[in-house]
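Chemist: Below are the sequence and a predicted model; questions follow.
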Amino acid sequence: MKFIRTILDKVEPIFDKGGFLEKFHPVYDATDSILYSTNEKTESGPHIRDSIDNKRVMILVVIALIPLYIFGAINIGYQAARVSGIERAVLENFWVGMGSIFPILITAFFAGGFWEVLFAVVRKHPINEGFLVTWALIPLIMPPTIPLWQVAVATSFGVVIGKEIFGGVGMNIFNPALVTRAFIFFAYPGQISGEKVWVNIDGISGATALSVPAAVEHGNAVELLSNITQFDYSWSNMFWGYIPGSIGETNKFLIILGALFLIYTGIVNWRVIVGALTGLIATAMLTNFMASYSSNTMLTLPAHYHLVMGGFLFGIAFMATEPVTGTHTDKGRWIYGFMIGLMTVIIRSINPAYPEGTMLAILLMNAFAPLIDYYVVQGNIKRRLKRYATE
Amino acid sequence: MSQINIKKGHDIQIAGVPKKELEIPERTQTVAIHPTEFRYVKPKLLVKEGDNVKIGTPLFFDKHHPDIKWGSPGGGKVTTIHYGPRRVIEKIIIEIDKNEETIQLPVLEITQILESSKEKITEQILNAGLWPMIRQRPFNKIADPAAKPSAVFVSCYNSAPLTVDLDVALDNKRSAFNAGIAVLSRLTNGDVHVGVSEQSISDTFMDIPHAKIHSISGPHPAGNVGIQIHHIDPLKPGKIIWTVEAQHVVTLGRLFLEGVFDPSIVMTIGGPAVNKPTHLKTRIGTAIQPLISDKLNNVPNRIISGDVLTGKTNDKDGHVYFYHSSISVLPESDKREFLSMLKLGSGKSRYSLTNAFSSFRRSLFPFNTNKNGEERAMVPLNSWENVLPMDIFPNPLFRAILANDIEEMEQLGLLECDEEDFALCSFADASKIDVGAVIRQGLDVLEAEG
């Protein structure tokens, strides 16, 4: 791989100070530092450093997402074949699915990359590797039939409003990928609001699993789901992901694997995930208990169904655990996670407008995260002041 | 004896661990003292180039506290005084004579020490020019002789990587050590606390009269005196605690038992670039060259006075700093690896506190000076919290310091902190932020506020 290094070294002067493309130094820097590890040395303080850096952190999240891409592609192909009534090999399904995913991926890369580079050039900071994760997440939370121009507009919104206006990765208050999705959710509700799912064949659509019980009064959610014939909404099928939906969120097994991998590598904090699971299960049990007093069918949905429906697991594994926009204290992480679980069930069950609530729950708790941290830190301060006063 | 178990922290498995044997190298030709090393001190010289000095002759004093002087760690001739920008005195070098002379001070038996007043003890230490060995918390600066410390802490557990094993260093020095502790007990109305490693087998620490012994277990930074204070007798505003290095306790003990400043000290030389890492008997402020001449592997290396986490970059013609008792040598590295962020990384090529690489840290790791990444905005992955065994939130504290919010810094417990306790946070941080430097910046602000 020596020749790559040679090329990089050769073009470097063009991007250096006084060079022809001096302004675009962040682009060179990003390419250079993604391909080659840094040769920066410690100056003082700790003369030795751990091998982990932000690039490794971000790339591991992307690696955890790759299985979801593969399954997402297979599933898109499978759903299309199923609706058309044809049998196809897995590999064929995969290529059909990639036909849908690839344009979205490319669009998100160029739309987001454009703003990243623009901000890096204007504000003279390096291009942050955090974009890799945002970019990898965006297609996974889009339906395969999303118009590409919407992807481009929404990604721009997500990157600029969700991240760059705050100063970039590390300073944002909302998860940029979720801001992207929220933008489409509110601006173009026809495409993504969670009521209907699209299969990538023109004109075919159906109700999402979550909107089935939401549409009927005085019913039993599980029974209603098993009555649906257009798609197989049984618990196990929803767990294994052979249902139409957003590209990356359907296979719960792979999501759990990805989450375990990230917890093991020390990148994701398990407290958020466990907190969210606890919150969801506790609230779902509460709504089940209340169900007999209400006509709302959603209240009868058991906790284990809540878990495999919609984007909940995907959201808590890859979105809620984002370290910057979540809470920064361990105690806070429990509260933050629990509230996400709780809000998800409340929005799903009690809110009449949106069948799915994970995205809104996470964004809402993103907004509250600094407040939660504030109280946790104040607790520490009070304890200390108390000790100062005694003795 | 109380037991203190510290859970958080990390013992870095760095190669080049010093052998537990004491080597006696040939006597150093020169010694030096670096006035810039002492925080918040305004040095004023008492000698000039060409002067003859004895061991203990005052070399300079602090303008803010004229009674605090620095005794020469060697007898001979002042050869060079290095000045930095704006005539800052950087370094005073003394060439040692064959027949060194020592300033003789009154000798006190241990019973006499215990009967002496605080003033008398203070006077003897000041006269010997050894007062800088006594430092105070908060701020980790030289103690004010007039202050009334509520306790004195001595950590006899060096947990930082490649540092002196005090079982080796204090072997056969029990009487001098106990005399030193007796001296310290006269300086405070409170207790003298000695933190000893749970694994220590030295009889020096078995039974120390006039001190409370605490058995400390746990990974680095459990041996840091600041961590021990935090767990035993935490600081609060207005409270002052004095601290002394374990080997300096012996020096202070000898000062009273023998009436002389004995500058000898045990140091380590270690690190991945050292081929025979060991303990050495040498003296305070020794020249580095004679100690490392036959021990270094390849070039280029970075020679560090102190440990690899908190030490200062030095060079082979330099001298060890006053408070340091180790020399660490690391290979310099500016290698760039192709697509390294995707590589699995074995235990031989990657070392991490996280499991982000497929390394299981079974063997010692040859660290070098590569930063392993570029500095980025803070991404709170809990890496700081996992290595800081204190009831302190490092992340809000760090932000409060950057925001220069003095009230919040104090409320979040900055007074209990010292930069050395945060060195592991910088080590572990994925964003490559120097946390300790920011902590020091905050302490400087609080110190200036008074």
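Modeler: The structure has been received and is ready for your questions. Residues are numbered from 1 along each chain as shown, chains lettered A, B, ... in the order given.
Chemist: quick check: mean pLDDT across the helix or strand containing residue A:386?
Modeler: Applying DSSP states H and E as the criterion places residue A:386 in helix A:358-389. Helix A:358-389 shows a mean pLDDT of 92.
Chemist: Packing partners of it?
Modeler: If contacts are counted by 3 or more Cβ pairs under 8 Å, 6 or more residues apart in numbering or on different chains; DSSP states H and E, helix A:358-389 sits against helix A:176-187, helix A:330-349, helix B:406-411. The C-beta positions use only the backbone N, C-alpha and C, and glycine is treated the same way.
Chemist: measure the residue of the stretch 201-350 of chain A at minimum distance from chain B to residue A:183 for me?
Modeler: Going by Cβ to the nearest Cβ, chain B is nearest to residue A:266 of the stretch 201-350 of chain A, at 3.4 Å. Distance, residue A:266 to residue A:183, using Cβ to Cβ, to the nearest Å: 32 Å.
Chemist: ditto for residue B:376
Modeler: 26 Å.
Chemist: which of the two has more neighbours?
Modeler: With neighbours defined as other Cβ atoms under 10 Å in any protein chain shown, residue B:376 and residue A:183 compare such that residue B:376 has more, 23 against 20.
Chemist: Now do the same contact list for that one.
Modeler: Contacts for residue B:376 (Cβ atoms under 8 Å, 6 or more residues apart in numbering or on different chains) come out as A:53-54, A:128, A:169-170, B:430-432.
Chemist: before we move on, back to that, so for the helix holding residue A:386, what gets flagged as buried?
Modeler: Residues A:358-363, A:365-366, A:368-369, A:372-373, A:376-377, A:380-381, A:384, A:388 are the ones in helix A:358-389 that count as buried (16 or more other Cβ atoms under 10 Å in any protein chain shown).
Chemist: Tell me which residues touch residue B:178, please.
Modeler: Residue B:178 makes contact with B:110, B:208-210, B:253, according to Cβ under 8 Å, 6+ apart.
Chemist: How is chain A divided into domains?
Modeler: Split into domains by automatic domain parsing, chain A comes to A:2-35, A:55-376.
Chemist: Deepest-packed of those, please.
Modeler: Highest mean neighbour count among these (mean count of other Cβ atoms under 10 Å in any protein chain shown): domain A:55-376, with a mean of 20.
Chemist: pLDDT at residue 137, what is it?
Modeler: No chain specified, so I'll use chain A. Residue A:137 is assigned a pLDDT of 93 by the prediction.
Chemist: switch to chain B, that's the one I care about
Modeler: pLDDT for residue B:137: 90.
Chemist: try residue A:227
Modeler: 81.
Chemist: quick one: it and residue A:349, what's the gap?
Modeler: 20 Å.
Chemist: do the same with residue A:29
Modeler: Residue A:29 is 49 Å from residue A:349, where distance means Cβ to Cβ.
Chemist: ditto for residue B:401
Modeler: Distance of residue B:401 to residue A:349, given as Cβ to Cβ: 45 Å.
Chemist: again, but for residue B:34
Modeler: From residue B:34 across to residue A:349, the span is 69 Å (Cβ to Cβ).
Chemist: what does the stretch 201-350 of chain A put close to chain B?
Modeler: Residues of the stretch 201-350 of chain A found near chain B (Cβ under 8 Å from any Cβ of the partner chain) are A:264-267, A:269, A:323-324, A:328-330.
Chemist: Put together JSON lines for those, with secondary structure and pLDDT on each row.
Modeler: Below are these laid out as JSON lines (DSSP: H, G, I helix; E, B strand; the rest coil; pLDDT from 0 to 100):
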{"residue": "A:264", "secondary structure": "helix", "pLDDT": "92"}
{"residue": "A:265", "secondary structure": "coil", "pLDDT": "90"}
{"residue": "A:266", "secondary structure": "coil", "pLDDT": "87"}
{"residue": "A:267", "secondary structure": "coil", "pLDDT": "89"}
{"residue": "A:269", "secondary structure": "coil", "pLDDT": "92"}
{"residue": "A:323", "secondary structure": "coil", "pLDDT": "90"}
{"residue": "A:324", "secondary structure": "coil", "pLDDT": "91"}
{"residue": "A:328", "secondary structure": "coil", "pLDDT": "92"}
{"residue": "A:329", "secondary structure": "coil", "pLDDT": "92"}
{"residue": "A:330", "secondary structure": "helix", "pLDDT": "92"}
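Chemist: residue boundaries of the helices in the stretch 51-200 of chain A?
Modeler: Here the stretch 51-200 of chain A has its helices, by DSSP state H, counting those that start in this stretch, at A:54-84, A:90-123, A:130-140, A:148-162, A:176-187, A:189-192.
Chemist: Distance to chain B for the ones you listed - can I get that in JSON lines?
Modeler: Shown next, in JSON lines, are the helices of the stretch 51-200 of chain A (distance: least, Cβ to the nearest Cβ, whole Å):
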{"stretch": "helix A:54-84", "distance to chain B": "4"}
{"stretch": "helix A:90-123", "distance to chain B": "13"}
{"stretch": "helix A:130-140", "distance to chain B": "8"}
{"stretch": "helix A:148-162", "distance to chain B": "15"}
{"stretch": "helix A:176-187", "distance to chain B": "14"}
{"stretch": "helix A:189-192", "distance to chain B": "29"}
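Chemist: Least confident of those, on average?
Modeler: Among these, helix A:189-192 scores lowest, with a mean of 70.
Chemist: Check what contacts stretch B:108-128 and list those residues.
Modeler: Contact with stretch B:108-128 is made by B:56, B:67-69, B:71, B:103, B:105-106, B:131, B:133-134, B:145, B:178-179, B:182-183, B:185-187, B:210, B:252, B:255-257, B:259, B:261, as judged by Cβ under 8 Å, 6+ apart.
Chemist: out of the domains of chain A, nearest to residue B:243?
Modeler: Each of the domains of chain A has some distance to residue B:243 by Cβ to Cβ; the shortest is domain A:55-376, at 30.0 Å.
Chemist: now the closest one: how far from the chain's centre is it?
Modeler: The chain centroid and the centroid of domain A:55-376 are separated by 5 Å under Cα atoms, centre = their mean, to the nearest Å.
Chemist: what sits against residue 173?
Modeler: This is for chain A. The contact partners of residue A:173, by Cβ under 8 Å, 6+ apart, come to A:166, A:325, A:366-367, A:369-370.
Chemist: um, chain B though
Modeler: By Cβ under 8 Å, 6+ apart, the contact set of residue B:173 is B:204, B:250.
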